[in-house]
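Engineer: Predicted coordinates and the sequence they were generated for:
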Amino acid sequence: MATTTMTQTELLKEKSTLYYYLEVKDGGIVQTYPGTAFEKRRKHVPHNVEIKDMRPIRDELTLDKSGFELINHTSEEKDFIDEERIKEVYYPEIEKIIKEKTGATHVHVISHMCRRHTTADSKEDALEKKDTDFVTKNNPARFVHVDQSYRGAEQILYLNMDEEEANKRTKSRWGIINAWQPFGKVVKRDPLAFCDFRTVDENDMRTVVANLPPPGAGEYGNVSKNFAHKGKWEYSLNGDQAPRYEVTNMAHNPNQQWYYAADQTPDEAWLFKIFDSKKDGRARCAVHSSFPLEHQPDQGEARTSVEVRCFVFWEGEDVE
């Protein structure tokens, strides 16, 4: 890792717990159902970790080096309540930022998700519900993951884009980048943590199949347009109602180095990779999770944040 003005041992650390994949042999799962009571009850393996405040070495943690980057951005949108206004105002802002930051020739927002509830709120909502029932209170994702696996990134592309266009787009470099930003207040609970890709062993990646709810059924139902495609892509549609695609969960490894930004403000946003087709040594994804601060109570005022997911294309660059 590059020399820093402040050594890694001097960075302020937050002691916390991260929740990792429970192996199948121990009772873990290979399929999950985002947005359901089943997902809220799912078991993970807790590990005590130290998560470092990255602010003193902020310039050294970039999209291509570590897989994530903290940027300054003040949005014209403040409330994130009106769905159409989010699309009209916030989407173009994020598309413009990612193009400028990455040199991409084209950026297209896939979908967005707003979170306004605590983990305790969502678990309480799930308490009396059947596994298949939807949980309406959307909480921070508190398990170590990447939104799509490398193969899952291809699946979500073809489930959201005309096949002819997708075939054309994937002949040059392409990827998926998310933007995550708090709104309304400084983050004082459940911040987002990232694992430096340079400390990730891809052998620790575990594939889980996500079965999405039908289009329009809550925020998870809007992740895919559910386009039908040729069998070679093996999308295994969940009946005719919703798609399935692969996500990445992670096994714990003590070599993993975790970072967050203390007291993140509404004028700051994370950009982080879900996928990059390039295989030249740069970061290909950002393993991440929310986490509870050391003295954070289970109950309390929820963190409020918005996350958008974007297809990113670099026309003229080799795909790998």
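Structural biologist: All right, it came through fine.
Engineer: use CA for all of it now, contacts and neighbours both
Structural biologist: Will do.
Engineer: now Thr304: how far from Asp318?
Structural biologist: Thr304 is 39 Å from Asp318, where distance means CA to CA, to the nearest Å.
Engineer: same deal with Glu14?
Structural biologist: 40 Å.
Engineer: out of the two, which sits in the busier spot?
Structural biologist: Glu14 (19 against 13; other CA atoms under 10 Å).
Engineer: and the more buried one, what does it touch?
Structural biologist: Shown in contact with Glu14 (CA atoms under 8 Å, 6 or more residues apart in numbering): 50-53, 293-294.
Engineer: Please read off the pLDDT at Ser224 from the model.
Structural biologist: On pLDDT, Ser224 comes in at 49.
Engineer: what do you get for Ala2?
Structural biologist: Per-residue confidence (pLDDT) for Ala2: 39.
Engineer: Please apply the same query to Asn211.
Structural biologist: pLDDT at Asn211 comes out at 84.
Engineer: Specify the beta-bridge partners of it.
Structural biologist: Judged by DSSP bridges, the bridge partners of Asn211 are Arg244.
Engineer: I'd say it and Tyr245 touch.
Structural biologist: Yes. Asn211 is within contact range of Tyr245, at 7.0 Å (criterion: CA atoms under 8 Å).
Engineer: Which of these two has more residues huddled nearby?
Structural biologist: The residue with more neighbours, out of Asn211 and Tyr245, is Tyr245; 26 against 21, by other CA under 10 Å.
Engineer: And the longest strand along the chain, what's buried?
Structural biologist: Assignment by DSSP state E gives strand 305-318 as the longest strand of the chain. The neighbour-count check on strand 305-318 (16 or more other CA atoms under 10 Å) flags 305-315 as buried.
Engineer: before we move on, what about stretch 160-170?
Structural biologist: 160-161, 163, 169-170.
Engineer: and the longest helix for this structure?
Structural biologist: When the chain is parsed with DSSP state H, its longest helix is helix 91-102.
Engineer: Contacts for that helix, please.
Structural biologist: 75, 104-109, 179, 308, 310.
Engineer: In the stretch 201-320 of the chain, where is pLDDT below threshold?
Structural biologist: Along the stretch 201-320 of the chain, the parts satisfying pLDDT under 70 run over 213-242.
Engineer: how about 80 then?
Structural biologist: Across the stretch 201-320 of the chain, the ranges flagged by pLDDT under 80 are 212-243.
Engineer: Tell me where it has strands.
Structural biologist: According to DSSP state E, counting those that start in this stretch, the stretch 201-320 of the chain carries its strands in the segments 205-211, 244-250, 258-260, 268-276, 287-290, 305-318.
Engineer: Same list (these) but as a markdown table, adding distance to Leu192.
Structural biologist: Shown next, in a markdown table, are these (distance: least, CA to CA, whole Å):
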| stretch | distance to Leu192 |
| --- | --- |
| strand 205-211 | 19 |
| strand 244-250 | 16 |
| strand 258-260 | 6 |
| strand 268-276 | 9 |
| strand 287-290 | 4 |
| strand 305-318 | 10 |
